[in-house]
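> curious how this folds, go ahead:
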Amino acid sequence: MPSPHRMTSKEMLERLVSFPTVSSDSNLALIDFVKVYLAGCGVPSTLVFNEDGTKANLFATIGPMVPGGVVLSGHTDVVPALEPGWTNSPWALTERNGRLYGRGACDMKGFDALALAAVPDMLAADLKAPIHIALSYDEEVGCIGAHALVERMAETIAEPRAVFVGEPTRMRVVNGHKGLVAFETRVRGHAVHSSRIDTGVSAVMVAARLVTWLEDTMAENSSRPAPGCFEPPYTTLHCGMIAGGVAGNIVAESCNFITDIRAIPQERPEDFRNRFEHYARTVIEPGMKAIAPNSGIVIVDLSAVPGLAPEPNGEAEALALALTGANDTGVVAYGTEGGIFQNAGWSTVVVGPGDIAQAHQVDEYIELEQLDAGERFIRRLIAELAR
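Got it, this is the predicted structure:
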């Protein structure tokens, strides 16, 4: 086996941040770097490409291919860094006042760097159960890559004991988050002069009724909050973008809007999406078509992220608490790839360095103290699996 090239977590993070892996672009340069790095350590890796070969997931196993290992999961993509106000280049890691600045430093290349920098220590530890490193693409736009990644891993690796998704939680163990579906509604009306609106179908006014249904349904949900620590403690339905119409005196021919639904673990976001479509088809659309048969409503699904449900006596939770030294867990409202791993039957929690408040921000950063805490966590994990 070749002598592994050692890099500190900070050095590894510097390399990872230098790759501008915005979700709209390819991540292959970063994946190639990781593949070569792992090969230099004597660790083979597997790539799982998207359909056109422009992006790839990567996973690798360090240690024996036996059941009872741990998956360290991270994503490689980042959100754009086009906002004005960056003090330094977002693609060059910069240290100031105990912080490391750069796009993705917190979300979530910091965790990726910890896992990769620790590979030589994993190799030297004579692990009795393996550590699997899993890196995905397109998490930021709907956890797209992780589905194929988890499917291939399930076919390839021995069943793991636990999955740790390293999103920034300040190393707090998170055992639950909401599920998400996002979709676009395209309303096609019938344009006429507004003085004869009775002969037309206003796509804007139809869209307004549909958006109101979302708000009314959310109000119903808020009247029966779920037990637990979610904020807010109910399923939310939100219209974040809407566009339609061409003039104030023309009945709008088209109007499109985007909805996201974030459901507590006790509920399924898909159920609310299906209720929305049922309302559109049975209550709204017949009246539209009675006036203009070519009018109608089209719903285009954009993304779906399963929720992460707290597991009674969950192995991942127990192990993560032991490694962090904490005695309590939390939940978050944002989504992660954790539910995808959990749906594969693998015990999963979210735990990683950094603060989610820094994600997607100008001058995004991770504190050096948080990187140190992540290193301690990884060292304890290696020791646990070497026993």
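> from here on, just use CA atoms for contacts and neighbour counts.
Will do.
> check contacts around Ala118.
Taking C-alpha atoms under 8 Å, 6 or more residues apart in numbering, we find Ala118 in contact with Ser9, Ile378.
> what's the neighbour count on Cys212?
That one is not Cys; residue 212 is Thr. Using other C-alpha atoms under 10 Å, Thr212 is surrounded by 13 other residues.
> buried ones in the helix or strand containing it, by neighbour count?
Per DSSP states H and E, Thr212 falls inside helix 203-222. Neighbour-count burial for helix 203-222, with 16 or more other C-alpha atoms under 10 Å as criterion, is recorded at 203-207, 210-211, 213-215, 217-218, 221.
> what about the closest residue to Gln358 other than its chain neighbours, neighbour count?
Distances taken as C-alpha to C-alpha, 6 or more residues apart in numbering put Glu364 closest to Gln358, at 5.4 Å, once the chain neighbours are dropped. Here the number of neighbours of Glu364 (other C-alpha under 10 Å) works out to 22.
> same check on Gly85?
Using other C-alpha under 10 Å, Gly85 has 9 neighbouring residues.
> isn't it up against Glu364?
No. Gly85 lies out of contact with Glu364 (C-alpha atoms under 8 Å); the separation is 11.1 Å.
> roughly how far apart are Ala316 and Glu337?
Using C-alpha to C-alpha, to the nearest Å, one obtains 15 Å as the distance from Ala316 to Glu337.
> between these two, who's got more neighbours?
Neighbours were tallied for Ala316 and for Glu337 using other C-alpha under 10 Å; the higher tally belongs to Glu337 (28 against 23).
> contacting residues for that one?
Per C-alpha under 8 Å, 6+ apart, neighbours of Glu337: Glu139, Cys143, Ala146, Val165, Val305, Pro306.
> try it again at 10 Å.
Residues near Glu337 by C-alpha atoms under 10 Å, 6 or more residues apart in numbering: 73-75, 136, 139, 142-147, 150, 165-167, 305-308, 348, 350.
> just the pLDDT for Pro2.
If you check Pro2, the pLDDT there is 44.
> same deal with Glu231?
At Glu231, pLDDT is 88.
> before we move on, back to that, ok, the residue nearest to Gln358 touching Ala357?
Yes. If you go by C-alpha atoms under 10 Å, Glu364 and Ala357 touch, sitting 9.2 Å apart.
> need the overlap of contacts for those two.
Taking C-alpha under 10 Å, 6+ apart as the contact rule, Glu364 and Ala357 both touch Cys106, Asp107.
> which SS state does Phe111 fall under?
Per DSSP: H, G, I helix; E, B strand; the rest coil, the secondary structure class of Phe111 is helix.
> identify the residue nearest it in space, chain neighbours excluded?
Using C-alpha to C-alpha, 6+ apart and skipping residues adjacent in sequence, the residue nearest Phe111 is Gly166, 5.6 Å away.
> pretty sure Gly74 belongs to a helix, no?
No. Looking at Gly74 with three-state DSSP, it is strand, so not inside a helix.
> that one pairs with what?
Beta-bridge partners recorded for Gly74 (DSSP bridges): Leu135.
> now it: how far from Met241?
Per C-alpha to C-alpha, Gly74 is found 29 Å from Met241.
> low-confidence ranges in the protein?
1-4 (pLDDT under 70).
> residue nearest the middle of it, spatially speaking?
Centroid-nearest residue in the chain, with C-alpha atoms, centre = their mean: Thr336, separated by 3.7 Å.
> residues contacting that residue?
Contacts of Thr336 (C-alpha under 10 Å, 6+ apart): 74-75, 139-140, 142-143, 165-167, 176-180, 305-308, 350.
> now do Phe183
Each residue near Phe183 by C-alpha under 10 Å, 6+ apart is listed here: 239, 257-261, 273, 299-304.
> which of these has the most neighbours?
Counting by other C-alpha under 10 Å, top hit in those: Ile261 with 25 neighbours.
> touching, that one and Leu214? I think so.
Yes. Applying C-alpha under 10 Å, one finds Ile261 in contact with Leu214, separated by 9.2 Å.
> what do those two both touch?
Joint contacts of Ile261 and Leu214 (C-alpha under 10 Å, 6+ apart) are Thr236, Leu237, His238, Cys239, Phe272, Arg273.
> okay if I get those residues as TSV plus secondary structure and distance to Arg99?
Supplementary listing: the shared contacts of Ile261 and Leu214 in TSV, determined by DSSP: H, G, I helix; E, B strand; the rest coil; distance: C-alpha to C-alpha, whole Å:
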residue	secondary structure	distance to Arg99
Thr236	strand	34
Leu237	strand	36
His238	strand	34
Cys239	strand	36
Phe272	helix	42
Arg273	helix	41
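> now, which of those sits nearest Thr282?
Of all the shared contacts of Ile261 and Leu214, Arg273 has the smallest distance to Thr282: 14.3 Å, by C-alpha to C-alpha.
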